[in-house]
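1. take this sequence and fold it.
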Amino acid sequence: MFVPKTTTYKLIDVEQAEELLKHLDPDQAKAARALRGPVCIRAGAGTGKTRAITYRIAYGVRTGVYNPYSVLAVTFTVRAAAEMGARLRLLGVQGVQARTFHSAALRQLRYFWPTAIGGQLPKLIENKSSLVGAVAARLGLPKERAAVRDYCAAIEMAAVSMVSPEEYGKWIKSTGTQPPAGISTYDMADILRGYSEAKRERSVIDFEDVLALTSGMIEERPDIAQQIRSQYRFFVVDEYQDISPLQKHLLELWLGESNRDLCVVGDAAQTIYSFAGATPEYLVNFAQEYPGAHTVTLSRDYRSTPQIVSLANGLVNRDKQTKKQAVKLISMRDSGSAVHFGRYPDDEAEAAAIAKMIKERIEAGIPASDIAVLFRTNAQSSMFEAALAHRDVKYCVRGAEGFFKRPEVSALLKQASVIARRGAQGNLGEIVAELARPLGWTQQAPEAQGAILDRWEALNTLVAQAQLKEAAGLSLASLVQEWQELAQAQLDPSGGGVTLASIHSAKGLEWKTVFLAGASEGLLPITQAKSGKELAEERRLSYVAVTRARDELYVSYAEKRSLDRKATRACSRFFSPVWPREETAMKTVRTPSTRKDTKRFLNEASQEEQERFERLRQWRLLVSQGQGKPAYTVFSDTTLRDIAIAKPQTLKQLSLLRGIGPVKLEQFGAAVLRILRGTNPDQVAHQQLQNLSD
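-> Okay, here's the model as predicted:
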């Protein structure tokens, strides 16, 4: 039942409540004591805001100010809500509702719908793509997957901004935003209308409707509004800088005109979801909106070393607007190592060097799960996936599919595989470019952001790699095989490997060691960020990335793409003021990757050695696919090259080569010798997989 029976809470213990505050620093304790009226907690990165929030609620319960059943703590992610609930239970507090906006609203909507509307609540759809795609097709507009994703994003943005189809054109002009690429403002307004009609016809609602319908229900039914307001008297809203106009409207309705018991927590310097309707203005202007509000600033950073904190403070201080809104952090950690800066000749060299340093840290005892590589766009993950795979380092891609699992990449790889089997000849770069064009690739990057740009970046990465392989003299078949092996290397996110993540997906997380890659103009800030607001958000993204690191931070960029020899990149404007004049060896030493070693081998090895190497790779790919494991878990390219050159005749000779220990010798030794003697690799792999399954 939505409204529980009135309960007299029995955990009132003022003496114990005061004991709670001894576990907080002075500012956190100040926040915990501010139990009534409007309260704004400005909490910088790493300052223990979740601790402050949960202890504040527990303190309110222990002192008798709060009935826990009357407290609603609102978060932005299910993970954050679960963490808050767990911490409260550890403090002995039961009954507090810790939910996301959508979860809290959906619970109310389901409970009151039969009374307010009658019948069952319409079905909630989790994905609107099929409906939106059908609307686009009916309107004669582009309906490929990436375009539909951008339409969906625009629909969600309009919904959380409380913009109707009729208001859309005016809103676009006033905000300086753009409709999705390839369509006009009028087209997007038609999609908004068509989508609303399609939902009504099918009797379904989406997540944005949950908030809007709950708001409407409270506005139209004073009796329901009264029940909700009598249930929840005390509100805590985390990540307040990310609140949208629709969420703000619902929050005001939950409160009602007379209730001022609202505590908001946030950091304006971490507003990075403007594209989803978030605005820091509600946090920044909280004191003006709620006269007499009590403001507490948490500035003691318990996460990062002084060196990392200094860089983070500098990032926000160099912009007047961001400086005004940000919290100046003070590190409570002992002094650590200096922040490392590195510049590399190209993307591949940057990825290879980072993979080498990661491997060294893992061998030194740092858990792989405590290391992350962060970047601005999802397409940047491909180089790091390859570099880590070739060094036998486990990894997982957070917040996105692995590069080779993306639909456009998978589609191109399948087509390339087909024509490679047919023996296609010609310029490798041109072949892949022709395959990429129907999938959404063009010579120039699209101006708009969103799914279309993401798709283009992924395809452009493949075209760029193909052009590089053409220069190295590789065949299409060799390139396809290499891509297939890399596709096999993507690991389960639960595998405890190194995290590869976009900065957006890294928010709220932390690692011992962080590598921030691609810190150059065009990537951070991204080329499409042109307005003052957009550039300010890119600066905040840099701040979020830097503050994910606890002990070690590496910031790097590449002077050019692997094959874009003419277009040079400059250091990001956000980091250039602190970039050291005399750069370290990280900059000047180019660490060759296994892929570059392979290219050199294919250029310099004899014809017989090359053939042996390719036969061994073919066998390795088939065995790894049959076992459902990454190719490098069988043998690395380095080991296969050594085998191809040495051509061992016995297991004893094979065991002397690097990378072949007793376990691998027993598993794969006989198969390798058969291949070296001329047996078909497919036949060897098939028989080996049969033996393993017996």
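2. any weak-confidence spans in this protein?
-> 1-12, 14, 399-402, 447-450, 470-473, 485-496, 562-567, 582-604, 692-694 (pLDDT under 70).
3. and the residue most central in space within the chain, what helix or strand is that in?
-> The centroid of the chain falls nearest to Ser505 when counting by C-alpha atoms, centre = their mean (2.2 Å). Per DSSP states H and E, Ser505 falls inside helix 503-506.
4. list the contacts of that helix.
-> Here helix 503-506 makes contact (C-beta atoms under 8 Å, 6 or more residues apart in numbering) with 272-273, 372, 374-376, 398-400, 499, 541-542, 544-545, 548. Where you see a C-beta, it was placed from the backbone N, CA and C, and this is true even at glycine.
5. next one: stretch 116-136
-> 106, 109-110, 113-114, 142-143, 145, 147-149, 151-152, 155, 191, 194-195, 198-199, 202-207, 210, 217, 220-221, 224.
6. looking at the contacts of helix 503-506, which are in helices?
-> If you go by DSSP state H, the contacts of helix 503-506 have 541-542, 544-545 in helices.
7. identify the farthest-apart pair in these.
-> Maximum pairwise distance among the ones in helices among the contacts of helix 503-506 (C-beta to C-beta): 7.4 Å, between Ser542 and Val544.
8. restricted to strands, list the contacts of stretch 116-136.
-> The strands, defined by DSSP state E, take in 204-205 from the contacts of stretch 116-136.
9. derive a ChimeraX selection command for the buried subset of the contacts of stretch 116-136.
-> Buried members of the contacts of stretch 116-136, defined by 16 or more other C-beta atoms under 10 Å, are picked up in ChimeraX with:
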select :106,109,113,142,143,145,147,148,149,151,152,155,191,194,195,198,199,205,206,207,210,217,221,224
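10. ranking the ones in helices among the contacts of helix 503-506 by neighbours, who comes first?
-> Counting neighbours by other C-beta atoms under 10 Å, Ala545 comes out on top of the ones in helices among the contacts of helix 503-506 with 31 neighbours.
11. contacting residues for that residue?
-> 374, 503, 506, 514, 516.
12. which residues does the last one bridge with?
-> I take that to be Leu516. Residues in a beta bridge with Leu516, per DSSP bridges, are Leu374, Val555.
13. touching stretch 526-543 from outside, list them.
-> 45, 176, 269-272, 274, 312, 315-316, 319, 321-322, 326, 376-377, 445, 447-449, 453, 503-504, 516, 519, 524-525, 572, 574-575.
14. which ones among those residues map onto helices?
-> When those are checked against helices (DSSP H), the matches are 312, 315-316, 321-322, 453, 503-504.
15. before we move on, the earlier item: could I get the ones in helices among the contacts of helix 503-506 as TSV with distance to Leu255?
-> Listed next are the ones in helices among the contacts of helix 503-506 as TSV, based on distance: C-beta to C-beta, whole Å:
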residue	distance to Leu255
Leu541	32
Ser542	35
Val544	30
Ala545	35
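16. quick one on the thing from earlier: of the contacts of Ala545, closest to Val623?
-> Closest to Val623, out of all of the contacts of Ala545 and judged by C-beta to C-beta, is Leu374, at 33.7 Å.
17. wouldn't the closest one be in contact with Thr547 here?
-> No. Contact between Leu374 and Thr547 fails when scored by C-beta atoms under 8 Å: they sit 11.0 Å apart.
18. on that earlier part again, filter the contacts of stretch 526-543 to the buried ones?
-> 45, 269-272, 274, 312, 315-316, 319, 322, 326, 376-377, 448-449, 453, 503-504, 516, 519, 524-525, 572, 574-575.
19. next one: stretch 84-103 to chain centre, how far?
-> In terms of C-alpha atoms, centre = their mean, to the nearest Å, the gap separating the centre of stretch 84-103 from the centre of its chain is 25 Å.
20. stretch 641-657 now?
-> 43 Å.
21. quick one: terminal-to-terminal distance for that stretch?
-> 10 Å (C-alpha to C-alpha, to the nearest Å).
22. and the contacts of it?
-> Identification of contacts with stretch 641-657 by C-beta under 8 Å, 6+ apart yields 597-598, 601, 605, 609-610, 612-613, 616, 635, 639, 658-660, 662, 665, 669-670, 672-673, 676.
23. buried stuff in that stretch?
-> Along stretch 641-657, these residues count as buried under the neighbour rule (16+ other C-beta under 10 Å): 641-644, 648, 654, 657.
24. now stretch 39-48
-> So stretch 39-48, judged by 16+ other C-beta under 10 Å, has buried residues 39-48.
25. try stretch 97-114
-> Residues of stretch 97-114 classed as buried: 97-106, 108-109, 111-113 (neighbour count, 16+ other C-beta under 10 Å).
26. what is the most widely separated pair among those?
-> Maximum distance among these (C-beta to C-beta): 23.3 Å, for Ala98 and Trp113.
27. as a check, name the ranges of all strands in the stretch 201-350 of the chain.
-> Using DSSP state E, counting those that start in this stretch, the strands found in the stretch 201-350 of the chain span residues 204-205, 234-237, 262-266, 294-298, 300-301, 330-331, 340-344.
28. residue contacts, Ile218?
-> 224-225, 228, 250, 253-254.
29. between which two of those residues is the distance greatest?
-> Ile224 and Leu250 (13.4 Å).
30. if we can go back for a sec, ok, the contacts of Ile218 vs Gln683, which is closest?
-> Nearest member of the contacts of Ile218 to Gln683, counting by C-beta to C-beta, is Leu250, at 65.0 Å.
31. check the spacing between that closest one and Ile218 real quick.
-> Using C-beta to C-beta, to the nearest Å, Leu250 is found at 8 Å from Ile218.
32. cool, and Ala52?
-> Distance from Ala52 to Ile218, by C-beta to C-beta: 30 Å.
33. could the contacts of Ile218 be laid out in CSV, adding distance to Gln683?
-> Below are the contacts of Ile218 laid out as CSV (distance: C-beta to C-beta, whole Å):
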residue, distance to Gln683
Ile224, 72
Ala225, 74
Ile228, 70
Leu250, 65
Leu253, 70
Trp254, 69
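34. name the nearest of those relative to Val160.
-> For the contacts of Ile218, the minimum distance to Val160 (C-beta to C-beta) is 10.6 Å, reached by Leu250.
35. my guess is the closest one contacts Ser215, does it?
-> Yes. With contact defined as C-beta under 8 Å, Leu250 reaches Ser215; the gap is 4.9 Å.
36. which of those two has more neighbours?
-> Taking other C-beta under 10 Å, Leu250 and Ser215 do not tie; Leu250 has more neighbours (24 against 20).
37. residue contacts, that one?
-> Contacts for Leu250 (C-beta under 8 Å, 6+ apart) come out as 101, 105, 211, 214-215, 218.
38. can you lay out the ones in helices among the contacts of stretch 526-543 as JSON lines showing distance to Thr77?
-> JSON lines is the format used below for those (distance: C-beta to C-beta, whole Å):
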{"residue": "Ala312", "distance to Thr77": "22"}
{"residue": "Leu315", "distance to Thr77": "24"}
{"residue": "Val316", "distance to Thr77": "24"}
{"residue": "Gln321", "distance to Thr77": "27"}
{"residue": "Thr322", "distance to Thr77": "24"}
{"residue": "Leu453", "distance to Thr77": "25"}
{"residue": "Ile503", "distance to Thr77": "16"}
{"residue": "His504", "distance to Thr77": "13"}
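39. of all these, which two lie farthest apart?
-> Distance extremes for the ones in helices among the contacts of stretch 526-543: the farthest pair is Ala312 and Leu453 at 27.8 Å, using C-beta to C-beta.
40. got the domain ranges for the protein?
-> Following automatic domain parsing, one gets these domains for the chain: 14-107+211-298, 126-205, 336-402+493-602, 404-489, 605-693.
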